[in-house]
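Participant: no FASTA, just this:
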């Protein structure tokens, strides 16, 4: 029976509600500051999230609006730097919240000697301040960001790097994700993966996940969208240990 030695978390939409009222707002502020008339609505931003990485997302969007590849690349680099600065400002104000149950789960894992790690597409410039604000950086054994790898999710590079830094085999760890791209990245790295959906990812293809929940935890339990009944109390350490052992 395998022993659970680490849980590897995504950040955006998984550990924290960052997308709709965080990144999207910062992107729109950057567009306005640059004198551009673009504004991403809640619905449009959801569609754009199929492209991982903020800079790539902007670049592809600009090309779809008629900017040449060269112009789009240069403008996206500028906009992304400004957006990152603005998002970090939102983090410092406390505007970004952890998802219900995230703080408790991380604390419980560490109390039971299970390593906690982060594998995210986001850049270190905002990921580290966010983790520090919501959890404290000492809550994490390893943090690997999009600044540390060249290929972003759904490529498994960030998970492979995280496992290498942890010194673990995929069978000794579990991933927690919220999106199809994230689940694909984790599974491609050989990890079993639990998906915890949000409003943007609920209807995505999460067939690679071993269980799909609608939240990390709630006092009254969570809806199990796909998975065994014992997951109804949320993502607990006990449930994750059963998953590591291949029994739930």
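Facilitator: All right, it came through fine. Bear in mind that the values here come from a model prediction, so they are computed numbers and not experimental data.
Participant: pretty sure residue 244 contacts residue 7?
Facilitator: No - checked against C-beta atoms under 8 Å, the pair residue 244 and residue 7 is beyond contact range at 9.1 Å. C-beta here means a position set from N, CA and C on the backbone, and glycine is covered the same way.
Participant: mutual contacts of these two, please.
Facilitator: By the contact definition C-beta atoms under 8 Å, 6 or more residues apart in numbering, residue 244 and residue 7 are jointly contacted by 173, 174.
Participant: what residues does the worst-scoring helix or strand of the chain on mean pLDDT touch?
Facilitator: Within the chain, confidence by mean pLDDT, DSSP states H and E is lowest for strand 224-226 among all helices and strands, at a mean of 79. Surrounding strand 224-226, the residues in contact under the criterion C-beta under 8 Å, 6+ apart are 197, 202, 206, 209, 211, 212, 213, 214, 231, 232.
Participant: ends of stretch 189-198, how far apart?
Facilitator: 23 Å (C-alpha to C-alpha, to the nearest Å).
Participant: cool, stretch 103-119 as well?
Facilitator: Stretch 103-119: ends 17 Å apart by C-alpha to C-alpha.
Participant: out of the contacts of strand 224-226, who's nearest residue 61?
Facilitator: Checking these against residue 61 by C-beta to C-beta gives residue 202 as the nearest, at 22.8 Å.
Participant: work out for me the element the closest one sits within.
Facilitator: Taking DSSP states H and E as the definition, residue 202 sits outside all helices and strands.
Participant: what of the one 10 residues further on?
Facilitator: Mapping residue 212 onto the secondary structure by DSSP H and E places it in strand 211-213.
Participant: now that strand: mean pLDDT?
Facilitator: Per-residue pLDDT over strand 211-213 has a mean of 90.
Participant: buried residues in stretch 159-168?
Facilitator: Buried residues in stretch 159-168, counting neighbours by 16 or more other C-beta atoms under 10 Å, are found at 159, 160, 161, 162, 163, 166, 168.
Participant: just checking, the first one touches residue 193?
Facilitator: It refers to residue 159. No - at 9.4 Å, residue 159 does not count as touching residue 193 under the criterion of C-beta under 8 Å.
Participant: joint contacts of those two?
Facilitator: What both residue 159 and residue 193 touch, as defined by C-beta under 8 Å, 6+ apart, is the set 175, 186.
Participant: got the buried residues for stretch 34-46?
Facilitator: Those would be 38, 40, 45, 46, for stretch 34-46 by 16+ other C-beta under 10 Å.
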